[in-house]
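> below: sequence and its predicted model.
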Amino acid sequence: MTVRTLVVEDDPVIAAAHAEFVSRVDGFSVAGIVHRGSEAWDFVATHEVDLVLLDFYLPDMTGLDVCRGLRSRGYLVDIIAVTSARDVRVVRSVVAYGVVQYLLKPFTFAAFKDKLQRYADFRTHLDGHDLEAAQQDVDRALDALRGTASAAVPKGMSESTLTAVVDVLRATPAGVTAHQLSEQLGMARVTARRYLEHLAGASLVDREPRYGRTGRPENVYRWRRHG
């Protein structure tokens, strides 16, 4: 079984990164990449798609609108929300439209892979039955979706600190240096730089050098404005 996956993400760089992640998970293939909600509808209408990785902040509509449109058109593809939206009301709404997993940015490849593998397990449990499944089969399928990654952030980092770093970046459009971040969060500069470099490596922040009076460059990190 190969899960044909459509990536829906408005930022081309992030979209390409997600597509690369998909291609690195056994049993998954990239069916296509689109950057707008309306393009997602058109693509599903003309291509074989099993799974949609859906950004929730698109130029023409919200991810919830995309979900509604897919269902109203009769497309029963499964959906994994890949977004920074943490609003509980949004989470509750998307579940009603067939979102089987919710992956919050920022995330590592390990967390991404875990979600896809659990989704594959979910399909395997249900695809093994023609028309009817026993209670234990349904329970096993749903249990496969409920698991969480054991390594959501790299070793030596904490999820709470990573979230705090992201919150500072999102609240500071001009960007921050490792020194500024270390002062705001009360951590060592080397630790702040490690978190910032992790986010840069995940293509979630832009990094550019800024030259000071001494002539020595200091990197400024800015959160990318994507979903």
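Good, I have the coordinates.
> can you name the element that comes right after the lowest-mean-pLDDT helix or strand in the chain?
Lowest by mean pLDDT, DSSP states H and E among the helices and strands of the chain is helix 135-146, with a mean of 45. Helices and strands here follow DSSP states H and E; after helix 135-146, the next one along the chain is helix 159-170.
> contacts for that following helix, please.
For helix 159-170, the external contacting residues (C-beta atoms under 8 Å, 6 or more residues apart in numbering) are 84, 106, 152-153, 175-176, 181, 184-185, 187, 192, 195-196, 198-199, 204-205, 221-223. Any C-beta I mention is one placed from the backbone N, CA and C, and that applies to glycine too.
> please redo it, this time with the cut-off set to 10 Å
84, 86, 104-108, 111, 152-154, 157-158, 175-176, 180-181, 184-185, 187, 191-192, 194-196, 198-199, 204-205, 221-225 (C-beta atoms under 10 Å, 6 or more residues apart in numbering).
> so how do I select the buried members of those residues in ChimeraX?
Applying 16 or more other C-beta atoms under 10 Å to those leaves a buried subset, and the ChimeraX line that selects it is:
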select :84,104,105,106,107,108,111,152,153,157,175,176,180,181,187,191,192,194,195,196,198,199,204,205,221,223
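> narrow the contacts of helix 159-170 to those in strands?
Counting by DSSP state E, the part of the contacts of helix 159-170 found in strands is 104, 205, 221, 222, 223.
> who is the second one paired with across the strands?
In other words, residue 205. Beta bridges link residue 205 to residue 223, judged by DSSP bridges.
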